[in-house]
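Enquirer: Could you work out the structure for the sequence below:
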Amino acid sequence: MKYIFLSIPLYLSLSVFIGSNHYSETDTDNGSIEFEIKLVKGIDAYYQTDWVAARDIFSELKKIYPDDPRPYFFESMMPFLEYFFVDQSPELADNFLNLSEKAVDLSQKKLNSHPNDTTMVLMLSGLHGYRGLVAAGQNRHRVALSSGLTGFNYTRKLLSMDSDRPDARIGRGMFYYMVGSIPSGMRWATNMVGLRADIEDGFYELKQAANSESYIRNDAKMMLMYLYHKEGRYEEALEYALLLTEGLPENVIFLYKKAEIYEKLNNNHYAADVYRLIIGKNNNCLQSITKKSFERLKEIEKITLNR
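Expert: Here you go, the predicted model:
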């Protein structure tokens, strides 16, 4: 059973609910239109990887409404995304784990006040999953196990809620994908706890979220890009990479993943063009991506010259 309780939140943690609490059902205790407008601006800066501007906005919002978990959540997701997609360094791991503690604490308090709040359940399920993923990657097994078990409990609560909200579909989609990807030799364990689904069920739910008008459609597209890439279905992964980079042209993380997918498809010419684009942007917040793009470009150029 150790496999089940650890694996479920770790796979679920791949689903980045970075927009799931936008336009929330949660009572934010402020009702401020100005707050929501500034939050949208902060989220937009976050999605475009303009993290200096995003941090400034979230810092301002935290001072005005220190009990709202959303600015803390987005701020903690910056080091997580860099850790997840770019560089699994101890520094980024510690930064995320420290920042996410406050987001978890405030989200839990909000859920205690609103027990049926789908948004807070999703946020806590995701946050504990992220913490489990990062802690496991850094061999901090006690934190990984604790976060994994907690995340699993929130996931079960999520599945008991009957909601077609796009954020709930992301949670279900990732959970179904995880269950469907468990090796056949372990299916007896999932059957014991009543878990049945397959990978395509997961992709279906994620696509429904990706096709919605919700702000979190980008999160669903990101996970479809990631999971199709993971499954070796590169043409389908590229479809979502193109959608993401078209809608978020300044997001160097998505550009970098698109270039990686092009390489998998042996389209080195297109990959090189994307790497050059990233180098030209020279994002101050994500210098590691600029460096990696430069290295990949040199490798492609070397391969081309040796032909």
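Enquirer: Quick one: neighbours of the nearest residue in space to Leu265 that is not next to it in sequence, just the number.
Expert: Leaving aside its sequence neighbours, Leu265 sits nearest to Tyr234 (CB to CB, 6 or more residues apart in numbering; 5.1 Å). Any C-beta I mention is one placed from the backbone N, CA and C, and that applies to glycine too. If you count neighbours by other CB atoms under 10 Å, Tyr234 ends up with 19.
Enquirer: list the contacts for Tyr234?
Expert: By CB atoms under 8 Å, 6 or more residues apart in numbering, Tyr234 lies in contact with 228, 261, 264-265.
Enquirer: For it, give its distance to Lys41.
Expert: Tyr234 sits at a distance of 35 Å from Lys41 (criterion: CB to CB, to the nearest Å).
Enquirer: In the one helix or strand Met222 maps to, which residues are buried?
Expert: Here Met222 sits within helix 217-230, counting by DSSP states H and E. Applying a neighbour-count criterion of 16 or more other CB atoms under 10 Å, one finds 217-229 buried in helix 217-230.
Enquirer: got it, and stretch 58-77?
Expert: Residues of stretch 58-77 classed as buried by neighbour count (16+ other CB under 10 Å): 58, 61-62, 65, 68-77.
Enquirer: what's the span of that stretch, first residue to last?
Expert: One end of stretch 58-77 to the other measures 12 Å (CA to CA, to the nearest Å).
Enquirer: Can you check what pLDDT the model gives Ile182?
Expert: On the pLDDT scale, Ile182 is placed at 58.
Enquirer: ok now stretch 257-264, how far from the chain's centre?
Expert: 19 Å (CA atoms, centre = their mean, to the nearest Å).
Enquirer: and it, C-alpha only, in CSV?
Expert: Extracted in CSV, the C-alpha atoms of stretch 257-264 (Å, rounded to 0.1, in the frame of the first residue of the first chain):
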residue,chain,number,x,y,z
LYS,A,257,9.5,22.6,-23.7
LYS,A,258,8.3,23.3,-27.2
ALA,A,259,11.9,23.2,-28.4
GLU,A,260,12.5,20.0,-26.5
ILE,A,261,9.5,18.4,-28.3
TYR,A,262,10.7,19.6,-31.7
GLU,A,263,14.0,17.8,-30.9
LYS,A,264,12.1,14.6,-30.1
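Enquirer: For it, which residues meet the burial criterion?
Expert: 257-263.
Enquirer: Inside helices: which ones of those residues?
Expert: Mapping the buried residues of stretch 257-264 onto helices (DSSP state H) picks out 257-263.
Enquirer: okay, the residues you listed in CSV with distance to Glu34 next?
Expert: CSV is the format used below for those (distance: CB to CB, whole Å):
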residue, distance to Glu34
Lys257, 35
Lys258, 36
Ala259, 39
Glu260, 40
Ile261, 40
Tyr262, 42
Glu263, 45
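Enquirer: Which of the contacts of Tyr234 sits closest to Ala103?
Expert: Using CB to CB, Tyr228 comes nearest to Ala103 of the contacts of Tyr234, at 28.9 Å.
Enquirer: For that closest one, which residues are in contact?
Expert: Counting by CB under 8 Å, 6+ apart, Tyr228 touches 234, 236-237, 240.
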